[in-house]
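Colleague: No letters, just coordinates:
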């Protein structure tokens, strides 16, 4: 018996606000690993994302030995 209302699988970290989750999912970001291809500044441009959300994602990435993409010099 399938659940037709099931949301796509996401491994976004716990602790993100609902506006942040909506902003990320609307932009197609469902997997933590996707943030390794984005700079913090790029994610902050999304409406609903703030510094607290960035810090939550940064900590979750660090726990997996990952990080946001570095700014190009």
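Modeller: Perfect, thanks for sending it. Just so you know, these numbers come straight off a predicted model, no measurement behind them. Residues are numbered from 1 along each chain as shown.
Colleague: which residues of the chain score low on pLDDT?
Modeller: 1-8, 72-73 (pLDDT under 70).
Colleague: can you map out the helices along it?
Modeller: For the chain, the helices defined by DSSP state H occupy 18-26, 40-44, 51-63.
Colleague: So what touches the last one?
Modeller: By that I understand helix 51-63. 12-13, 15-17, 20, 32, 35-36, 40, 43-44, 67-68 (C-beta atoms under 8 Å, 6 or more residues apart in numbering). Yep, even glycine has a C-beta here, placed from its N, CA and C like the rest.
Colleague: now stretch 15-23: how far from the chain's centre is it?
Modeller: 9 Å (C-alpha atoms, centre = their mean, to the nearest Å).
Colleague: right, I mislabeled it, should have said stretch 12-27
Modeller: Worked out by C-alpha atoms, centre = their mean, stretch 12-27 lies 6 Å from the chain centre.
Colleague: re earlier: reformat the helices of the chain as TSV; add mean neighbour count.
Modeller: Listed next are the helices of the chain as TSV, based on neighbours: other C-beta atoms under 10 Å:
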stretch	mean neighbour count
helix 18-26	16
helix 40-44	16
helix 51-63	15
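Colleague: Chain neighbours aside, what residue packs nearest to residue 17?
Modeller: Of all residues not flanking residue 17 in the chain, residue 53 sits nearest, at 6.5 Å (C-beta to C-beta, 6 or more residues apart in numbering).
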